[in-house]
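[1] A structural model of the following input is requested.
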Amino acid sequence: MKHARFALAALLLLAPSLLLAQAQGRVKGIVTDSKGKPIPNAKITITCPTVASFKKDVATDAKGQYATLIVDATKRYVFHVDASGYQSVEREDKPLIGGQTLDLNFTLKSSQEVQAEQSAQAMEQPGIKEMREGRDLLEAGNKAAARDKFAAAVAAKPDLYQGWAQLSILDLEAGKAELALSEAEKCLALSPNFAPCLANGANAAKAKGDNAAFEKYITAYKAANPDDPTVIYNEA
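    Reported below is the predicted structural model:
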């Protein structure tokens with residue numbers, strides 16, 4: 001009877017430990033760059049949305065690997081990964097209970113890759129996309145198609161002063177001085193010291209016979225570009 005009581009007491013003491021062990025879960029993984037190269041010394045910060053005080057930091061080794069034990073695997077956790085020169089990533093997941101291991105790998109993009117992606121996305125935005133396509137057409141010698149693209153660019157993005165500048169230049173070349181002057185003025189309303197618009201505004205005003213506008217824009221152009229060889233030559 002005495003031995004039975006001892007066994008029962010030992011079992012009761014052991015039960016909480018068994019329950020705790022069953023609620024634990026291991027998490028391991030590897031942090032790599034976009035080419036699959038391991039990233040050493042990456043920092044994984046683990047927090048729990050339902051337990052504000054919980055925070056645990058883990059670092060990757062020389063092979064980019066990490067491993068950690070989560071005491072309460074019944075909850076979900078946020079894994080935030082940082083590494084110098086890379087964009088941070090974050091993921092929420094739940095460890096596996098019963099002493100099982102959750103494989104949680106992360107891929108980080110370099111800062112240069114992120115910047116390149118952002119630039120590429122910016123070039124595809126309405127207005128910017130048409131502006132880029134118009135410049136390509138202009139370089140290919142297709143002025144009519146280029147003008148259509150520039151017109152579409154300012155229609156999509158009215159504050160695109162470079163688009164108004166290109167329209168002004170093309171319309172002046174086509175002999176549409178009044179339209180070219182109006183477009184130059186729209187450009188200058190957005191960027192008062194933009195040299196191409198000041199110059200084309202002066203040229204369009206001269207072609208139209210508007211001496212007052214010509215003097216205004218040529219004076220502004222000289223003030224903004226005093227070292228322009230054309231200005232120096234004309235002054236001489």
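[2] Quick check: residue 120 vs residue 222, distance?
    Noted for residue 120: a distance of 39 Å to residue 222, by C-beta to C-beta, to the nearest Å. Just so you know, the C-beta spots here come from the backbone N, C-alpha and C atoms, and that holds for glycine as well.
[3] Who has more neighbours out of those two?
    Neighbours per residue, other C-beta atoms under 10 Å: of residue 120 and residue 222, the larger number sits with residue 222, 17 against 9.
[4] For my notes, confirm residue 207 occurs in a helix.
    Yes - membership of residue 207 in a helix is supported by DSSP: H, G, I helix; E, B strand; the rest coil.
[5] Could you point out which residue ranges in the chain have low pLDDT?
    Within the chain, the segments meeting pLDDT under 70 span 1-22, 227-236.
[6] So which residues of it form helices?
    For the chain, applying DSSP state H gives helices covering 2-23, 111-123, 128-139, 143-156, 161-173, 177-190, 195-208, 211-224, 229-235.
[7] and of these, who's closest to residue 97?
    Comparing the helices of the chain against residue 97 with C-beta to C-beta, the closest turns out to be helix 2-23 (5.9 Å).
[8] Let me know the distance separating the nearest residue to residue 129 once chain neighbours are set aside from residue 114.
    Leaving aside its sequence neighbours, residue 129 sits nearest to residue 123 (C-beta to C-beta, 6 or more residues apart in numbering; 6.6 Å). Separation of residue 123 from residue 114 (C-beta to C-beta) stands at 15 Å.
[9] do the same with residue 98
    Distance from residue 98 to residue 114, by C-beta to C-beta: 39 Å.
[10] Equivalent analysis for residue 69, please.
    33 Å.
[11] same deal with residue 101?
    31 Å.
[12] Over to residue 166?
    Distance, residue 166 to residue 114, by C-beta to C-beta: 30 Å.
[13] ok, these two, which is more surrounded?
    The residue with more neighbours, out of residue 166 and residue 114, is residue 166; 26 against 13, by other C-beta under 10 Å.
[14] thinking the more buried one is in contact with residue 148, fair?
    No - with contacts counted by C-beta atoms under 8 Å, residue 166 stays clear of residue 148, the gap being 11.4 Å.
[15] what's the overlap in contacts for these two?
    By the contact definition C-beta atoms under 8 Å, 6 or more residues apart in numbering, residue 166 and residue 148 are jointly contacted by residue 134.
[16] Quick check: buried residues in stretch 183-198?
    183, 184, 185, 186, 187, 188, 190, 191, 194, 196, 197, 198 (16 or more other C-beta atoms under 10 Å).
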